[in-house]
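**Q** compute the structure for the input listed below.
(chains A and B)
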Amino acid sequence: MPLWTVPDESGARAPARSGGLFHVVKPMHKAASAVSETKLPCPSRPLAVDVRDVSLTFETADGKVEALSRVNLPIAEGEFVSFIGPSGCGKTTLLRLIADLEQPTAGMLRVNGVSAGQARLARAYGYIFQAPALYPWRTIEKNVMLPLEVMGFSASERRERAKRYLALVNLSGFERKFPWQLSGGMQQRASIARALSFDPALLLMDEPFGALDEIVRDHLNEQLLRLWDQTGKTVIFVTHSIPEAVFLSTKIVVMSPRPGRIIDVIDCDFPRARTLEIRETSQFVKIAQRVRMGLRSGHSYDE
Amino acid sequence: MIARQTPVLAVVLALIAIWYVAAVLMNVGLVRDALEREETSYTIGDLISGSLAAERPRLPAPHQILATFADDIFSYPLTSGRSLIYHSSVTLSAALVGFLLGAVFGVILATLIVHLRTLQKSLLPWIICSQMVPILAVAPIVIVVLGAIGIRGLLPKSIISAYLCFFPVAIGMVKGLSSPDPIQRDLMRTWSAKPAQVFWKLRWPSAVPFLFASLKVAITVSLIGAIVGELPTGAQAGIGARLLAGSYYGQTVQIWAALLAASLLAAGLVGLVGLTERWVGRRMGAQP
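**A** Numbering: from 1, shown residues only, chains lettered A, B, ... in the order given. Sure, this is the predicted structure:
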């Protein structure tokens, strides 16, 4: 049963409307309206990610490096959480821990109620890296089909899903191109389609738009928000851009280096469907201010 | 087009000119001695033309080599022991079988080394050592040992050929199979891919450029291996046999003609590998 429909030509910019499988089904909003109901993380909702007292120490040639120190963070299903902080604050490491690409040296970490390792084996999340990391010998379509091949989807299902998700990220017509024939932004969109192709409930994004120019970035941010709004996926998003974090998130986790730790968690209750215009509102500025204060108190602006 | 070919052409012409001068310088003594023994008078012109047409020159002139080469190819039936095509095909088949054996063995070794860390430490030094032994010393041993257990003909030569071939392939593929970058590997991990899937969908395609670079080296040394393998058998057939017979009877022109055949074969084989590489590259989205 299709979870998405393929957008038609005229609506190519808009992602498909979600099917009935997800609990968040809303029509598209053209502008952020202040009266629109805000979706605060509801405590009764099950936790997508539960991080308790997690530490990670790397043994290096120069001695021990505390990448993360006693981190606590519950993330409810359907939230959009941003990790923000300067380099070396452990935001990527925390994401990799959730993805079971690293293992904590202390503490407890659960994803969807099971251990991170079990969640990975159950293919619970899609991971989007800083670089598109498309396999250069595969066409765009075949890149999107790669996780589906690994997971044993049938050939017709693979083709159908590749078509659907490439349409979702506005890459219809580029199926047969090789990655080098696409711009950086298009490549990153293809990598998002690849992460979505097997429909994970959790999206882990590690500075996915960091290498892109601001216009492309704004555009992709809006698209990502719509996608999140319509699918009800949980998104964890690493960034070092304050406006990006405030614009996208329901919750902003401010982190600080040496040792990597969480110094503030800021709820950000804009309506789920928001547009770039909210960046002009006083509420937006206020939250951005608080993030900046948090970063400063963590000495992030020190040399 | 012409501008691009001019330098190549100039170099070739220069080499041929140098060769002619060298041929005269190297052979003129022989010609003068012969003429003086016959006590005939001679001019410088006689000396030069004699040097370039000697029957057993120290260094044959290019046109002599070409003439003998053409004669050896076109004047005899293909199955004749004097046909250079016959000898080339004997060597070529041994080289190709050796190349296949060596390439497959090299890829298998590299796969094992990449997957089992202990092998990297235990096996790699032996692989490198294997190539330090002079192949000319190993070849007779292989021929004799295999001959003693009844394996004769093409296979012993192919094994010597494979012995040389597997090395560049193994080294190149160890590098190639470990070439995927960490993000590409992490991706496979996030999808909890099985090791076989990581191999066929990531490691193998990443290694293809390395494979072709190795195969180009391997295919030329496969030919050398086959020729060397023909020397200790008493030289019944093959380019090696022609070289050996030529040196027994002082037929320098024949040696050079056989060498020309060997180098043309090698160039053709490398060209074939290169064409295959381009074809595979196009299918794998290589940037033109």
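**Q** so for stretch B:254-268, mean pLDDT?
**A** In this model, stretch B:254-268 has a mean pLDDT of 91.
**Q** now stretch A:290-303
**A** Stretch A:290-303 comes out at a mean pLDDT of 70.
**Q** to what extent is residue 194 buried, counted in neighbours?
**A** Looking at chain A here, since you left the chain open. 29 (other Cβ atoms under 10 Å in any protein chain shown). To be clear about C-beta, it is placed using only N, CA and C from the backbone, and glycine gets the same treatment.
**Q** nope, chain B
**A** 11.
**Q** A strand includes residue A:262, no?
**A** Yes. Residue A:262 forms part of a strand when assessed by DSSP: H, G, I helix; E, B strand; the rest coil.
**Q** for the chain, give me the ranges with low pLDDT.
**A** Using chain A here. Within chain A, the segments meeting pLDDT under 70 span A:1-45, A:298-303.
**Q** oops, chain B please
**A** Within chain B, the stretches with pLDDT under 70 are B:1-2, B:233-235.
**Q** which residues of chain A fall in helices?
**A** A:91-98, A:116-121, A:140-150, A:155-168, A:184-196, A:214-231, A:242-248, A:282-297 (DSSP state H).
**Q** can you put those helices in a markdown table and add distance to chain B?
**A** Shown next, in a markdown table, are the helices of chain A (distance: least, Cβ to the nearest Cβ, whole Å):
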| stretch | distance to chain B |
| --- | --- |
| helix A:91-98 | 8 |
| helix A:116-121 | 5 |
| helix A:140-150 | 5 |
| helix A:155-168 | 13 |
| helix A:184-196 | 8 |
| helix A:214-231 | 19 |
| helix A:242-248 | 21 |
| helix A:282-297 | 27 |
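**Q** can you lay out those helices as a markdown table showing distance to residue B:152?
**A** Shown next, in a markdown table, are the helices of chain A (distance: least, Cβ to Cβ, whole Å):
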| stretch | distance to residue B:152 |
| --- | --- |
| helix A:91-98 | 60 |
| helix A:116-121 | 55 |
| helix A:140-150 | 48 |
| helix A:155-168 | 50 |
| helix A:184-196 | 56 |
| helix A:214-231 | 69 |
| helix A:242-248 | 74 |
| helix A:282-297 | 79 |
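**Q** out of the ones you listed, nearest to residue A:64?
**A** Nearest of those to residue A:64, taken as Cβ to Cβ: helix A:91-98 at 14.3 Å.
**Q** check which helices and strands the closest one is in contact with.
**A** strand A:47-60, strand A:63-76, strand A:80-84, strand A:106-111, strand A:202-206, strand A:234-239, strand A:251-256 (3 or more Cβ pairs under 8 Å, 6 or more residues apart in numbering or on different chains; DSSP states H and E).
**Q** switch the cut-off to 6 Å
**A** strand A:202-206, strand A:234-239 (3 or more Cβ pairs under 6 Å, 6 or more residues apart in numbering or on different chains; DSSP states H and E).
**Q** who's in contact with residue A:144?
**A** A:162, A:165, A:193-194, A:197 (Cβ atoms under 6 Å, 6 or more residues apart in numbering or on different chains).
**Q** of these, which pair is most distant in space?
**A** A:162 and A:194 (9.0 Å).
**Q** what about the residue nearest the centre of chain B, distance to chain A?
**A** When Cα atoms, centre = their mean is applied to chain B, the residue found nearest the centroid is residue B:220 (3.1 Å). Distance, residue B:220 to chain A, using Cβ to the nearest Cβ, to the nearest Å: 27 Å.
**Q** and what of residue B:127?
**A** Using Cβ to the nearest Cβ, residue B:127 is found at 28 Å from chain A.
**Q** check residue B:66 too.
**A** For residue B:66, the distance to chain A - Cβ to the nearest Cβ - is 44 Å.
**Q** what's the burial count for that residue?
**A** 14.
**Q** ok, now the one 10 residues further on?
**A** Here the number of neighbours of residue B:76 (other Cβ under 10 Å) works out to 15.
**Q** bridging residues for the residue of the stretch 201-303 of chain A found nearest chain B?
**A** Residue nearest to chain B within the stretch 201-303 of chain A: residue A:204 (8.2 Å; Cβ to the nearest Cβ). For residue A:204, the beta-bridge partners are residue A:127, residue A:236 (DSSP bridges).
**Q** what sits against it?
**A** Going by Cβ under 6 Å, 6+ apart, residue A:204 touches A:95, A:99, A:125, A:127, A:236.
**Q** if I look at it, how far off is residue B:161?
**A** According to Cβ to Cβ, to the nearest Å, residue A:204 stands 51 Å off from residue B:161.
**Q** same thing with residue B:97?
**A** Applying Cβ to Cβ, the value for residue B:97 to residue B:161 is 7 Å.
**Q** mind listing what's buried in the helix or strand residue B:211 falls within?
**A** Assigned by DSSP states H and E, residue B:211 belongs to helix B:204-230. Along helix B:204-230, these residues count as buried under the neighbour rule (16 or more other Cβ atoms under 10 Å in any protein chain shown): B:204-230.
**Q** next, the buried residues of stretch A:191-200.
**A** A:191-198, A:200.
**Q** send me it as PDB with only the CA atoms.
**A** Coordinates of each C-alpha in stretch A:191-200 appear next as PDB, following Å, rounded to 0.1, in the frame of the first residue of the first chain:
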ATOM      1  CA  SER A 191      20.700  11.100  -0.600                       C
ATOM      2  CA  ILE A 192      17.600  12.200   1.300                       C
ATOM      3  CA  ALA A 193      15.500  10.200  -1.100                       C
ATOM      4  CA  ARG A 194      17.800   7.200  -0.400                       C
ATOM      5  CA  ALA A 195      17.300   7.600   3.300                       C
ATOM      6  CA  LEU A 196      13.600   7.900   3.000                       C
ATOM      7  CA  SER A 197      13.200   5.000   0.500                       C
ATOM      8  CA  PHE A 198      12.700   2.300   3.100                       C
ATOM      9  CA  ASP A 199      10.400   4.600   5.100                       C
ATOM     10  CA  PRO A 200      12.200   4.700   8.500                       C
END
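**Q** pick the one among the buried residues of stretch A:191-200 closest to residue A:295.
**A** residue A:192 (27.1 Å).
**Q** need the contact list for that closest one.
**A** Residue A:192 touches A:128, A:169, counting by Cβ under 6 Å, 6+ apart.
**Q** from residue A:99, how far off is it?
**A** 16 Å.
**Q** and if you look at residue B:49?
**A** 82 Å.
**Q** which parts of the stretch 51-200 of chain B sit against chain A?
**A** Residues of the stretch 51-200 of chain B lying close to chain A by Cβ under 6 Å from any Cβ of the partner chain are B:183-184, B:186-187, B:190-193, B:197.
**Q** please indicate which of those residues are buried?
**A** B:184, B:186-187, B:190-193, B:197.
**Q** tell me the one of these nearest residue A:56?
**A** residue B:186 (16.4 Å).
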